[in-house]
Each structure stands twice: as C-alpha cells, then as structure tokens.
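A.B. asks: What shape does this take:
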Amino acid sequence: MASCYRDIERDEVTARDAQRDRRLALALQAVSIRRAIVGFAHRYPDTPFHLGGSLSCAEIMAVLLNDVMRTGVGDGEWGDRDRLVLSKGHASLALWPALAQAGMLDQADLERGMFGPGAVIGKQPKRDVARGIELSGGSLGMGLGYASGLALAARRRGSDARVFCVMGDGECDEGSVWEAASFAGHNSLDGLTVVVDANGLQLDGPTSQVLDSGPLSGKFAAFGFDVRLVDGHDVMALREVLGQRARRPLAIIAHTVKGKGLSFAENDVKWHDRCLDDDGYRRAMDELDAAEREVRADAR
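C.D. replies: Next comes the predicted model:
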C-alpha cells in the first residue's frame with residue numbers, strides 16, 4: 001500500500017513538473033514573439049506598424065502554433081493539418097515569428113524582410129498555403145466566412161482537422177462577421193473555433209465608444225456557438241480552453257491588453273498603428289528582457 005502511495009505521489013510531482021515546464025516554454029515563446037514584433041518595427045523605422053494589436057495576441061499565437069494545433073510539421077500529414085486563419089491581418093507581426101517557431105517559416109523567410117522581390121511576409125498576410133498562411137489580409141471581417149468554409153470542407157472530407165480564426169473585437173463591428181457566424185452556427189461546425197482578441201481598443205478609440213454593440217459572448221451564443229471567456233495572457237488557461245472541442249462551433253473571448261509587454265504602449269490607442277524609433281526600441285527591449293527574467297524566476 002505504501003508503495004502505491006509513493007507511485008501516486010511521484011506521478012503527481014511529474015505532472016506538476018510537466019505543467020511548469022510547459023508554462024515556462026509557452027510564456028518564453030510569447031516573449032520571443034514580442035521581441036520579433038519590436039524587431040520588425042525597428043527594422044523599418046519610417047513605416048508605421050500595427051504594434052498594439054500584434055502585441056496583444058502574442059500568447060494566443062504562441063499557444064495555438066506551438067501547442068494546440070496539429071500543424072502538419074512532424075505531427076501528421078500536411079493535408080490533415082489544423083488551419084489558422086488570421087482574420088485581423090494587421091497583426092501579422094505576431095504571426096510571422098509564431099509560424100517560424102512552429103517550423104512553418106524558415107529563418108531565410110524572415111531575413112528577406114517585408115518588402116521587395118522574394119518577400120513572403122509583410123504588413124498583411126499574403127496567402128501562401130505551403131507556409132501555413134491560409135488567407136490574405138487587408139479588409140477586416142473576411143476571415144470568419146473563409147474559416148467557416150474550411151471547417152465545412154473538412155467535415156465533408158471526413159477529416160477531424162480543426163480551423164482556428166483569430167479576430168479582433170473592433171473587427172466584430174463588421175456585418176460580414178455575423179453573417180458568417182450565422183452560417184457556422186446553423187451548420188453546427190464543431191471543427192471551428194473563433195478566438196476574439198478582445199483588447200478593448202481599435203483605430204478610432206475604445207470599442208465600447210466606437211460601436212457599443214453589447215457583450216460579444218451573448219452575440220456568439222445567440223448564433224449557436226459555445227462560448228468561453230479567458231485571460232488572453234495566461235498561457236495555461238489558453239491552452240486548456242483552446243484544446244477543447246465542442247459539439248457546436250466554439251467562440252473564445254480572450255481578454256487582452258493592447259500593446260501588452262511595452263509599458264508605454266499598453267492601453268494606448270496611439271500604438272494601434274505607429275512607427276518605432278530608436279529610443280522606443282531600446283526601451284521595449286529592456287522591458288522584454290525584464291519580462292523574460294520574471295518568467296524564468298516564476299518557474300523556479
């Protein structure tokens with residue numbers, strides 16, 4: 001009996017260690033994504049980038065591409081992979097490093113940069129299925145309809161592949177979002193998961209002031225979605241909720257901070273689309289260095 005208890009205790013310790021290691025890995029990957037976002041912006045100091053909304057979804061991207069999704073890179077057939085549709089395409093600065101972490105983009109793809117001949121990354125995604133870029137970006141409100149079509153196609157093929165659509169809360173002002181939500185709910189697309197990066201700000205100001213259309217959770221529920229609320233910066237909470245699959249389409253409202261990780265950009269609408277100068281770059285990297293140290297200290 002004593003041996004049985006020791007085995008149980010050992011298993012519990014092993015499970016806790018695995019959880020701690022996974023939390024550390026995902027949190028560090030999110031910091032790495034933020035470093036890359038800042039690096040991209042600094043590389044082109046005269047070009048404004050959508051820094052606020054890219055920084056807010058770093059944990060979402062890290063957890064999806066490094067943990068939850070079946071990417072087809074060393075974990076199954078490419079045709080059976082899960083799909084990621086970045087509907088808020090202006091947050092592409094977070095997509096590129098996350099795809100690289102998942103082995104879907106090469107370092108050479110990143111080093112070629114965003115402009116000029118041979119560039120495969122940019123301020124907005126350009127569809128490149130071989131690299132896991134499922135949809136070109138630009139106009140908001142298009143991604144959910146496309147993702148719904150992918151989910152329906154997977155069902156008809158008999159595939160259990162999942163489709164994840166990352167959107168912004170400001171983007172949900174678009175009527176096309178709710179047409180697509182109606183379609184997804186009507187067809188009970190259980191392979192579809194919508195992740196709303198709900199950072200509370202959009203180009204013109206707070207989403208509640210630009211167009212206050214009520215709680216998103218109630219809207220998605222009315223269209224036939226199962227709905228979950230989560231702290232969008234808690235990697236383990238994201239991991240748990242993103243790993244779920246319901247009998248209906250799933251909407252995850254991830255509450256985040258616009259500009260997360262840079263104290264001078266957090267909750268400041270000016271950083272929706274802005275250039276980053278040398279002083280801002282140095283300050284940002286110092287803060288991200290401190291964030292990494294804190295993550296490592298918390299894991300001890």
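A.B. asks: where exactly do the strands run in the stretch 201-300 of the chain?
C.D. replies: 201-202, 205-206, 226-231, 250-255 (DSSP state E, counting those that start in this stretch).
A.B. asks: Rounded mean pLDDT for the first one, please.
C.D. replies: By that I understand strand 201-202. What strand 201-202 shows for mean pLDDT is 95.
A.B. asks: outside of it, which residues touch it?
C.D. replies: 52, 168-171, 173, 207, 210, 258, 267, 269, 272 (CB atoms under 8 Å, 6 or more residues apart in numbering). Just so you know, the C-beta spots here come from the backbone N, C-alpha and C atoms, and that holds for glycine as well.
A.B. asks: Keep only those of these that are in helices.
C.D. replies: Among those, DSSP state H puts 52, 207, 210 in helices.
A.B. asks: Narrow these to just the buried residues.
C.D. replies: 52, 207 (16 or more other CB atoms under 10 Å).
A.B. asks: Can you redo the ones in helices among the contacts of strand 201-202 as TSV, where the extra columns are distance to Ala41 and pLDDT?
C.D. replies: Output for the ones in helices among the contacts of strand 201-202, formatted as TSV (distance: CB to CB, whole Å; pLDDT from 0 to 100):
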residue	distance to Ala41	pLDDT
Gly52	11	98
Thr207	23	94
Val210	25	94
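A.B. asks: Any chance of TSV for the ones in helices among the contacts of strand 201-202, columns distance to Trp96?
C.D. replies: Output for those, formatted as TSV (distance: CB to CB, whole Å):
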residue	distance to Trp96
Gly52	17
Thr207	26
Val210	28
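A.B. asks: Of the ones in helices among the contacts of strand 201-202, which is the nearest to Val241?
C.D. replies: Nearest to Val241 out of these is Thr207 (CB to CB; 21.6 Å).
A.B. asks: you'd agree Ser92 is up against Val120?
C.D. replies: No - look at Ser92 against Val120 with CB atoms under 8 Å: they stay out of range, at 11.4 Å.
A.B. asks: So which of these two has more stuff around it?
C.D. replies: Ser92 (24 against 19; other CB atoms under 10 Å).
A.B. asks: For that one, give me its contacts.
C.D. replies: If you count contacts by CB under 8 Å, 6+ apart, then Ser92 has 54, 86, 121-125, 137 around it.
A.B. asks: where's it, which helix or strand?
C.D. replies: helix 92-101 (DSSP states H and E).
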